[in-house]
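A.B. asks: predicted coordinates and the sequence they were generated for:
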Amino acid sequence: MNVAAKLSTPLSVASLPTGLFIDGQWRAGTEGKNIDVIDPSNGDVIVSVADATVDDAMEAIASAHRAAKSWAATAPRKRSEILRRCFELMIENKDMLAELISLENGKTLNDAQGEVVYAAEFFRWFAEEAVRLNGEISTAPSGANKIIVQHQPIGVAVLVTPWNFPAAMATRKIAPALAAGCTCVLKPAAETPLTALVLANLYKQAGVPDGAVNVVITSQSGPVVRAMLNDPRVRKLSFTGSTEVGRTLLREAAATVVSCSMELGGNAPFIVFDDADLDAAVEGAMVAKMRNGGEACTAVNRFYVQSGIAEAFSARLVERMKLLKVGAGYDPKSQCGPLINRNAVERLSGLVNDARAKGAKVLVGGGPLDGKGYFFAPTVLSGVSPNSRISAEEIFGPIAAITTFDTEDDVIDLANATEYGLISYVYTRDLARGMRVSEQMDSGMVGLNRGLVSDPAAPFGGTKQSGLGREGAHHGILEFCETKYIAVTW
Ligand code: NAD
């Protein structure tokens, strides 16, 4: 096992860290087992990483717990400067990190570079928030005392992240946790652990003290996360992943009443009214659908296009999807990378077949591409029935499913007819209508004439079964704080 990672650009696979990162040290799992990390563009093993047991995870919790007191007592300015240094180091290593993300996740270099900057920005943003965690003071209505309200670090946090944004989903949690004065154990997805490990080296280089951030990778996420949640030293779970796993973790967190932040699945509607700027709507559709090859919680799942513009919009979208060059993410010519694994390819084929059986027409693409990697053709379906599985389930791939609508009331009902509520997109030139419809979307976020909304300075999160809590903005740091009220008489 190579434990001494050397950061370099371009990426050097031989120098990647492959151990567990506990108490600032690299080590093997106690059982000595490993997990293969696969390149989804060809199915080859990139490298193997240590597979953590429950005992390893408990050591990581103990390490975070030991570091907690002194990190919480570290001056906010000092914490802020360390976070700022994390931001700078990520930007200095942008190309190497982007190559690594492309290699293990499959997304294009362009998307990976965008992710590195987005991920790094959480450190810059929360470096600024760390020194602005203001409380409140007021006089009790009776006049008998003062009411002082403080935000204190909640304690040791367990952070569980998915494979689709290996850098950003982790930094969106680590940066506010550290800013608030919490220490943490990150459990990244086993499909894409390398980015998290390389970043751990950067944090150390930036001055994050040993034990403040620990990283454990495991093939046994159920038992490992359950054991951590059952440990009374753990006070916070911040999870990003599927709604199904989120529900399980909420049940498990109930045993110790651990505070939970949940960023779960989405089923985003993208509404195009007849009066929309067609160029802007198609451009926004490509970003909202095809960023990350469709493997994003914010990716459009259901296109609702008003009947007057439906034909023109579909034709333009087909034209753009047809032109996309599909290939390995790290090939600079690629515009759409592979899916994460073989299961994803089979799942998407099932969704297309079901939609076709219920009347949808395939305008372009429609199935997997030949070859060793997990490639699926960029696909556009029209005439998709709201009763199709593809309308109800998260697609998580390069398929645009189009349904036509007639009236504003109809489309609001259609758009909200889902258990999810992460994000909605609305395109219209009529700002009054845009605001009216945006306000009626039952989702935590709306892109009005925009295909991209993610911003570390804005509160990211969903309603209904898309989650609990918000990440980013000022809200993000409060997720890692406990509110302390002190009644004072002086
Ligand atoms: P997933 O739910 O399968 O896995 C997420 C994480 O949970 C991984 O680290 C995984 O190892 C772990 N995990 C799986 N089963 C577990 C269990 N029983 N106990 C504890 N941990 C467990 O999701 P995924 O396939 O990695 O990611 C895709 C999903 O993530 C999509 O549903 C997507 O919408 C969602 N997502 C949401 C956001 C958001 O901000 N709302 C962002 C990105 C991805």
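C.D. replies: In hand now; what should we look at?
A.B. asks: give me the number of residues near the residue nearest to Ile148 when sequence neighbours are not counted?
C.D. replies: Counting by C-beta to C-beta, 6 or more residues apart in numbering, the nearest residue to Ile148 once its immediate chain neighbours are dropped is Ile486, at 4.4 Å. (Each C-beta comes from the backbone N, C-alpha and C, glycine too.) Around Ile486 there are 12 other residues, counting by other C-beta atoms under 10 Å.
A.B. asks: now Ile486: how far from His151?
C.D. replies: 12 Å (C-beta to C-beta, to the nearest Å).
A.B. asks: and the pLDDT at the spatially closest residue to His65 that is not a sequence neighbour?
C.D. replies: Nearest residue to His65 in three dimensions, chain neighbours excluded: Arg233, at 4.6 Å (C-beta to C-beta, 6+ apart). The model reports Arg233 with a pLDDT of 98.
A.B. asks: hmm, Arg233 is touching Val158, no?
C.D. replies: No: checked against C-beta atoms under 8 Å, the pair Arg233 and Val158 is beyond contact range at 10.3 Å.
A.B. asks: of those two, who's got more company?
C.D. replies: Between Arg233 and Val158, counted using other C-beta under 10 Å, the more crowded position is Val158 (28 against 15).
A.B. asks: doesn't that one belong to a strand?
C.D. replies: Yes: under DSSP: H, G, I helix; E, B strand; the rest coil, Val158 sits within a strand.
A.B. asks: other SSEs contacting the helix or strand hosting Thr403?
C.D. replies: Using DSSP states H and E, Thr403 maps to strand 399-405. On a contact count with 3 or more C-beta pairs under 8 Å, 6 or more residues apart in numbering; DSSP states H and E, strand 399-405 meets strand 300-306, helix 307-323, helix 342-357, strand 379-382, helix 389-392, helix 408-416.
A.B. asks: out of the ones you listed, deepest packed?
C.D. replies: When you average the neighbours per residue for each of these (mean count of other C-beta atoms under 10 Å), strand 300-306 leads with a mean of 26.
A.B. asks: what strands line up against it, and which way round?
C.D. replies: Sheet pairing of strand 300-306 (DSSP bridges) gives strand 268-272 (parallel), strand 399-405 (parallel).
A.B. asks: as CSV, the ones you listed with mean neighbour count, mean pLDDT and distance to Lys289 would be great.
C.D. replies: Output for the strands paired with strand 300-306, formatted as CSV (neighbours: other C-beta atoms under 10 Å; pLDDT from 0 to 100; distance: least, C-beta to C-beta, whole Å):
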stretch, mean neighbour count, mean pLDDT, distance to Lys289
strand 268-272, 28, 98, 8
strand 399-405, 24, 98, 5
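A.B. asks: tell me how this protein divides into domains.
C.D. replies: The chain is divided into the following domains under automatic domain parsing: 3-264+466-488, 268-455.
A.B. asks: distance of Ile309 from Ala276?
C.D. replies: Counting by C-beta to C-beta, the gap from Ile309 to Ala276 is 7 Å.
A.B. asks: likewise for Ile390?
C.D. replies: Ile390 is 23 Å from Ala276, where distance means C-beta to C-beta.
A.B. asks: cool, Ala112 as well?
C.D. replies: Applying C-beta to C-beta to Ala112 and Ala276 gives a distance of 30 Å.
A.B. asks: the two: which has the busier surroundings?
C.D. replies: Ala112 (28 against 23).
A.B. asks: now the chain against the ligand: closest residue?
C.D. replies: Gly241 (2.6 Å; C-beta to the nearest ligand atom).
A.B. asks: that residue is in contact with Thr161, isn't it?
C.D. replies: Yes: applying C-beta under 8 Å, one finds Gly241 in contact with Thr161, separated by 7.4 Å.
A.B. asks: look at Glu128 and report its pLDDT.
C.D. replies: pLDDT, Glu128: 98.
A.B. asks: again with the one 4 residues further on
C.D. replies: The per-residue pLDDT reported for Arg132 equals 97.
A.B. asks: distance of it from Thr418?
C.D. replies: 37 Å.
A.B. asks: more neighbours, those two?
C.D. replies: Using other C-beta under 10 Å, the more surrounded residue of Arg132 and Thr418 is Thr418, with 24 against 11.
A.B. asks: how about the nearest residue to the more buried one, chain neighbours excluded?
C.D. replies: Asn267 (4.6 Å).
A.B. asks: got a list of what the one you found touches?
C.D. replies: Counting by C-beta atoms under 8 Å, 6 or more residues apart in numbering, Asn267 touches Asn301, Arg302, Ala392, Glu393, Glu394, Thr418, Glu419, Tyr420, Leu422.
A.B. asks: can you put those residues in TSV and add pLDDT?
C.D. replies: Output for these, formatted as TSV (pLDDT from 0 to 100):
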residue	pLDDT
Asn301	98
Arg302	98
Ala392	97
Glu393	97
Glu394	97
Thr418	98
Glu419	98
Tyr420	98
Leu422	98
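A.B. asks: could you dump those into a markdown table with distance to Arg347 added?
C.D. replies: Below are the contacts of Asn267 laid out as a markdown table (distance: C-beta to C-beta, whole Å):
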| residue | distance to Arg347 |
| --- | --- |
| Asn301 | 14 |
| Arg302 | 17 |
| Ala392 | 13 |
| Glu393 | 9 |
| Glu394 | 10 |
| Thr418 | 18 |
| Glu419 | 18 |
| Tyr420 | 17 |
| Leu422 | 19 |
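A.B. asks: any chance of the residues you listed in a markdown table, plus distance to the ligand?
C.D. replies: Listed next are the contacts of Asn267 as a markdown table, based on distance: C-beta to the nearest ligand atom, whole Å:
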| residue | distance to the ligand |
| --- | --- |
| Asn301 | 10 |
| Arg302 | 14 |
| Ala392 | 13 |
| Glu393 | 10 |
| Glu394 | 5 |
| Thr418 | 13 |
| Glu419 | 12 |
| Tyr420 | 9 |
| Leu422 | 6 |
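A.B. asks: packing partners for the longest helix along the chain?
C.D. replies: Looking across the chain with DSSP state H, the single longest helix is helix 109-130. With contacts taken as 3+ C-beta pairs under 8 Å, 6+ apart, helix 109-130 sits against helix 76-92, helix 94-105, helix 168-180, helix 475-478.
A.B. asks: looking at those, which is buried most?
C.D. replies: helix 168-180 (a mean of 29).
A.B. asks: how about the residues of this structure near the ligand?
C.D. replies: Residues of the chain lying close to the ligand by C-beta under 6 Å from any ligand atom are 160-165, 169, 187, 189-190, 221-222, 225, 240-242, 245, 248-249, 263-266, 297, 394, 422, 462, 467.
A.B. asks: 5 Å instead, please
C.D. replies: With C-beta under 5 Å from any ligand atom as the criterion, the chain comes near the ligand at residues 160, 162-163, 189, 221-222, 225, 240-242, 245, 263, 265, 297.
A.B. asks: which of those count as buried?
C.D. replies: Buried members of the residues of the chain next to the ligand, counted by 16 or more other C-beta atoms under 10 Å: Val160, Pro162, Trp163, Ala189, Ser221, Val225, Thr240, Gly241, Val245, Glu263, Gly265, Cys297.
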